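# Mind folding the following:
(one chain, ligands or ions: 2)
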Amino acid sequence: MAQLSPLPAEILLSKRVQEMSLNGEQPPPLYICRHADTVEEVSAQLSPLSIIDLSLFSSSTPCTKQQQELEKLRSALCSWGCFQAIGHGISDTFLDKVRQVTREYFKQPMEEKKKQAKKVDEFEGYGADPVPAEGQFLDWSDRLFLDVYPEDRRKLVFWPERPESFRGILEEYSLKMKMVTELVSKAMANSLNLEENCFLNQYGERAQYQARFNYYSCCQRPDLVLGLKPHADGSGYTIIMQDEEGLQVLKDEKWFTVPKISEAVLVLMGDQMEIMTNGIFKSPVHRVVTRTERERISVAVFYTPEVNKEIGPEDGLINEERPRIFKKVKDYADIHWGYYQQGQRALHTAKV
Ligand SMILES: O=C(O)CCC(=O)C(=O)O
Ligand SMILES: [Fe+2]
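Ligands and ions are numbered 1, 2, ... in the order given. As a prediction, the model looks like this:
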């Protein structure tokens, strides 16, 4: 629960978390989301997330190993709603480059980052998320949010020119993300015995890719403050790369830390995959905790159906035993955002 703050959120948001952290300031009241006296585990268990080798899916000739991997994929997405992907075709060296350029971006002086500054109520650009609804606490993080595909939706004013390699690396990373989403979307369909392209068709030719670079500064009170509040994603699904542990997934009412595997990316279902699979795959609630000693960075790429496209449960997943539980929806991510700002999930709005 948030406490009352003497300062309006707009004023607090104009000062970035990174500055407060560097100045050694205590988190202001609007960031306090839990109370020291409520017993909540700060350190959570490491989650036994499946590690899936995507390279096994790129061969078109089915083999036993591929079948076993598909079964593992299905089971991971039905229970945890996420998995660690290896064999994705992105080299370790390149993943390190993406991590490095992200760190370099945030380490720049504030004047440099302010060139990409967003207005308080805007989404794209550098800063914090738009002000949440009254009573909601703020996240102890800074982020740069960019539309990447379709290309004609890019707003280049928000694309950093420094570090000089930033744009090129983002371009290359996004192309890799396109390859990964194609592979993963087909594998997910195959794992459910559906026509291979069915999810890709639902996302559409103009599927959206948005990149969110997150910077979680050190925090003196990890017992009171979160890097990112608990939420499920409104995307179709999200691909997350982290440099350090900090992300936690909620399962059976317990928080599990996603282990750090430097060569892996985490594939995490958003609400729209839960809708398309008629509730078979789960869109997990997750959050990011803060730490005292080291900062953390992550890059999340949200893969979302094209604007204005109606999506819904696949016909092949609706039968007498499993009746349709979701309606067809359009631009669900916008509905999701309204609820997110109030600290709520939106999935119920898509139920029949
Ligand atoms: O920082 C992370 O690991 C997760 C970020 C996340 O959940 C998000 O940006 O929606
Ligand atoms: Fe998320």
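# rest of the way, CA atoms for contacts and neighbours
OK.
# what element comes up after the least confident helix or strand in the chain by mean pLDDT heading to the C-terminus?
Ranking every helix and strand in the chain by mean pLDDT, DSSP states H and E puts helix 9-14 at the bottom, with a mean of 72. Where DSSP states H and E defines the elements, the next helix or strand beyond helix 9-14 is helix 17-22.
# Please spell out which residues along that next one are buried.
Residues of helix 17-22 classed as buried: Val17, Gln18, Met20, Ser21 (neighbour count, 16 or more other Cα atoms under 10 Å).
# likewise stretch 71-79?
By neighbour count on 16+ other Cα under 10 Å, the buried set for stretch 71-79 is Lys72, Leu73, Arg74, Ser75, Ala76, Leu77, Cys78, Ser79.
# wait, is the third one part of a helix?
Yes: secondary structure assignment (DSSP: H, G, I helix; E, B strand; the rest coil) places Arg74 inside a helix.
# surely it meets Ala189?
No: counting by Cα atoms under 8 Å, Arg74 does not reach Ala189; the two are 9.4 Å apart.
# Next, find the distance separating Trp68 from Thr181.
One correction, residue 68 is Gln, not Trp. In this view, Gln68 and Thr181 are 20 Å apart by Cα to Cα, to the nearest Å.
# Neighbour count for these two, which is higher?
Under the criterion of other Cα atoms under 10 Å, the comparison of Gln68 against Thr181 puts Thr181 first, with 18 against 13.
# Would you mind measuring from Gly135 to ligand 1?
Here the criterion is Cα to the nearest ligand atom, to the nearest Å. By it, Gly135 lies 20 Å from ligand 1.
# Adding pLDDT and distance to Lys282 as columns, could you present the buried residues of stretch 71-79 in a markdown table?
Output for the buried residues of stretch 71-79, formatted as a markdown table (pLDDT from 0 to 100; distance: Cα to Cα, whole Å):
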| residue | pLDDT | distance to Lys282 |
| --- | --- | --- |
| Lys72 | 98 | 15 |
| Leu73 | 98 | 12 |
| Arg74 | 98 | 11 |
| Ser75 | 98 | 11 |
| Ala76 | 98 | 9 |
| Leu77 | 98 | 6 |
| Cys78 | 98 | 6 |
| Ser79 | 97 | 7 |
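# Out of the residues you listed, flag the one nearest to Leu54.
Nearest to Leu54, judged by Cα to Cα, of the buried residues of stretch 71-79 is Leu73 at 9.8 Å.
# Point me to the helix or strand that includes Ala211.
Using DSSP H and E, Ala211 sits in strand 208-216.
# C-alpha coordinates for the helix or strand just after that strand, CSV please?
Per DSSP H and E, the first helix or strand lying C-terminal to strand 208-216 is strand 226-231. Provided in CSV are the C-alpha atoms of strand 226-231 (Å, rounded to 0.1, in the frame of the first residue of the first chain):
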residue,chain,number,x,y,z
LEU,A,226,10.3,-2.6,-5.6
GLY,A,227,12.0,-2.1,-9.0
LEU,A,228,8.8,-2.9,-10.8
LYS,A,229,5.5,-3.6,-9.2
PRO,A,230,3.7,-7.0,-9.6
HIS,A,231,2.0,-7.2,-13.0
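# helices or strands next to strand 226-231 in the packing?
Applying 3 or more Cα pairs under 8 Å, 6 or more residues apart in numbering; DSSP states H and E, one finds that strand 226-231 makes contact with strand 286-289.
# what comes into contact with the strand it packs on?
Residues outside strand 286-289 that contact it (Cα atoms under 8 Å, 6 or more residues apart in numbering) are 42, 222, 225-232, 246-250.
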